[in-house]
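In: show me how the following folds:
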Amino acid sequence: TGSCQIGNGTMTAIFVQRQSGDKAFERLYRSHVRDVYRYALMVLRNRDDAEDVAQTTFLKAYRAYQRGDRPRHPRQWLITIAHNTCGTRIRDAKRRPQEVALEEQLVVPNPAGGGDVDVRELVRAVGALSFNQRSALVMRELEGRTYAEIAEVLELSTSAVETLLF
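Out: Below is the predicted model:
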């Protein structure tokens, strides 16, 4: 039930496997998975990202199906979901800084003066923070999220996020 060859890999419809009794959704998936994948591939120009977007699209569609949504134009509905998912992925990628491998031997200049910062010491210090402090710090400094976005994820007020980051 639920494996479809697209791109160079196989995208498994986990959600279809879980609910194998839902034949209507399985037919929807099989009829449109290639269209959704091709759309995502053309927009993102990366096979792995396109597979992720296709998987996410059908997961969102399946959740809507469980709520009783039955689109009049399924292909258009699925492409709209894929379009929105691609847009989110592109926006998130622009906000996120380029990943750089952590080199344990790396010494980082201290912007406040007073000598260099040992990366191992920095990693240990960040590890000692509470989960919410660490999460807020990562979202703000590495992902570039706003205080409001962090507050929403952590289910806190904006002022509480400011306090965590301070």
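In: and the helices in the chain?
Out: The residue ranges that make up the helices of the chain, judged by DSSP state H, are 14-18, 23-44, 47-66, 74-95, 119-128, 131-137, 147-154, 158-165.
In: could I get those in CSV, plus columns for mean pLDDT and mean neighbour count?
Out: For glycine as for every other residue, the C-beta is placed from the backbone atoms N, C-alpha and C. Below are these laid out as CSV (pLDDT from 0 to 100; neighbours: other C-beta atoms under 10 Å):
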stretch, mean pLDDT, mean neighbour count
helix 14-18, 46, 16
helix 23-44, 90, 18
helix 47-66, 94, 19
helix 74-95, 86, 15
helix 119-128, 74, 11
helix 131-137, 77, 15
helix 147-154, 82, 16
helix 158-165, 90, 16
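In: these two touch, right, L164 and N132?
Out: Yes - at 5.7 Å, L164 and N132 qualify as touching, with contact defined as C-beta atoms under 8 Å.
In: contact partners for V161?
Out: When contacts are counted by C-beta atoms under 8 Å, 6 or more residues apart in numbering, V161 is found next to 136, 147, 150-151, 154.
In: again, but for L44
Out: L44 sits in contact with 50, 53, 86, 89-90, where contact means C-beta under 8 Å, 6+ apart.
In: list just the nearest of those residues to L122.
Out: The closest of the contacts of L44 to L122 turns out to be R89 (C-beta to C-beta; 29.6 Å).
In: and that closest one, how far is that from E152?
Out: Remark: distance between R89 and E152 (C-beta to C-beta, to the nearest Å) = 19 Å.
In: same question, S159
Out: Counting by C-beta to C-beta, the gap from S159 to E152 is 14 Å.
In: now do the contacts for the closest residue to D49 other than its chain neighbours.
Out: What sits nearest to D49 in space, not counting adjacent residues and going by C-beta to C-beta, 6 or more residues apart in numbering, is R89, at 6.6 Å. For R89, the contact set (C-beta under 8 Å, 6+ apart) comprises 44, 49, 52-53.
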